[in-house]
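A.B. asks: what shape does this take:
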Amino acid sequence: MVTDGQVRKLYRELDSGTSLASAAWRTGMDAKTARHYRDDRKLPSARRAERRQMPRTYRTRTDPFADVWPAVEKRLEAEPRLRAKTLFDWLSREHPNRFLDSHRRTFERRVRQWRALHGPGKTIMFRQIHDAGDLAASDFTHMNALNVLIADKKGATFAG
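C.D. replies: Residues are numbered from 1 along each chain as shown. The predicted structure is shown next:
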């Protein structure tokens with residue numbers, strides 16, 4: 001991986017009149033890589049930042065589950081607790097020789113996305129054990145009428 005320091009050194013070498021091949025060799029990168037940085041004049045960190053700002057909005061390959069997904073959705077709606085692997089095995093039996101084992105991870109992702117958008121809500125449980133001294137809460141209630149004595153003094157302030 002090419003660093004910003006290497007590219008800065010490449011620019012200094014090229015600006016001093018060194019040939020591209022020699023400047024690339026001195027900076028420890030391939031001449032083809034050096035040519036890209038010479039022509040673009042951007043540091044590697046700037047290129048990475050540009051790539052992060054532009055998320056991909058297109059598919060890189062066709063969806064292998066596009067035409068069977070409605071049947072999978074029906075199964076998920078009927079039995080939302082089914083595991084993705086179980087559903088994938090069912091699909092493989094329904095459509096033999098159509099889905100590869102390498103498709104399973106993609107299928108698991110699709111099922112997880114469906115559950116997040118359309119599936120049942122998750123059960124949340126909160127701990128109901130409160131340890132003494134673990135949590136201090138005050139509602140600023142005035143208890144002067146109770147005549148509470150602290151260290152045998154009425155109205156004493158507690159500085160703890």
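A.B. asks: who's in contact with residue 2?
C.D. replies: 29, 33, 37, 44 (C-beta atoms under 8 Å, 6 or more residues apart in numbering). Placement of C-beta: from N, CA and C, glycine included.
A.B. asks: ranges for the helices of the protein?
C.D. replies: With DSSP state H as the criterion, the chain has helices at 4-15, 20-27, 31-40, 44-53, 69-78, 84-94, 104-118.
A.B. asks: need these in a markdown table (columns: mean neighbour count).
C.D. replies: Shown next, in a markdown table, are the helices of the chain (neighbours: other C-beta atoms under 10 Å):
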| stretch | mean neighbour count |
| --- | --- |
| helix 4-15 | 16 |
| helix 20-27 | 17 |
| helix 31-40 | 15 |
| helix 44-53 | 11 |
| helix 69-78 | 14 |
| helix 84-94 | 15 |
| helix 104-118 | 14 |
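A.B. asks: let me see the domain layout of this structure.
C.D. replies: Per the record, the chain has its domains at 4-53, 69-118, by automatic domain parsing.
A.B. asks: okay, those in a markdown table with distance to residue 140 and mean pLDDT next?
C.D. replies: Output for the domains of the chain, formatted as a markdown table (distance: least, C-beta to C-beta, whole Å; pLDDT from 0 to 100):
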| stretch | distance to residue 140 | mean pLDDT |
| --- | --- | --- |
| domain 4-53 | 48 | 91 |
| domain 69-118 | 42 | 94 |
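A.B. asks: out of these, flag the one nearest residue 142.
C.D. replies: The minimum distance between residue 142 and these falls on domain 69-118, with 48.7 Å, by C-beta to C-beta.
A.B. asks: and that closest one, how far out from the chain's middle?
C.D. replies: From the chain centre to the centre of domain 69-118 is a distance of 23 Å (C-alpha atoms, centre = their mean, to the nearest Å).
A.B. asks: before we move on, back to that, and of the contacts of residue 2, the nearest to residue 132?
C.D. replies: Once C-beta to C-beta is applied, the member of the contacts of residue 2 that ends up nearest residue 132 is residue 44, at 55.9 Å.
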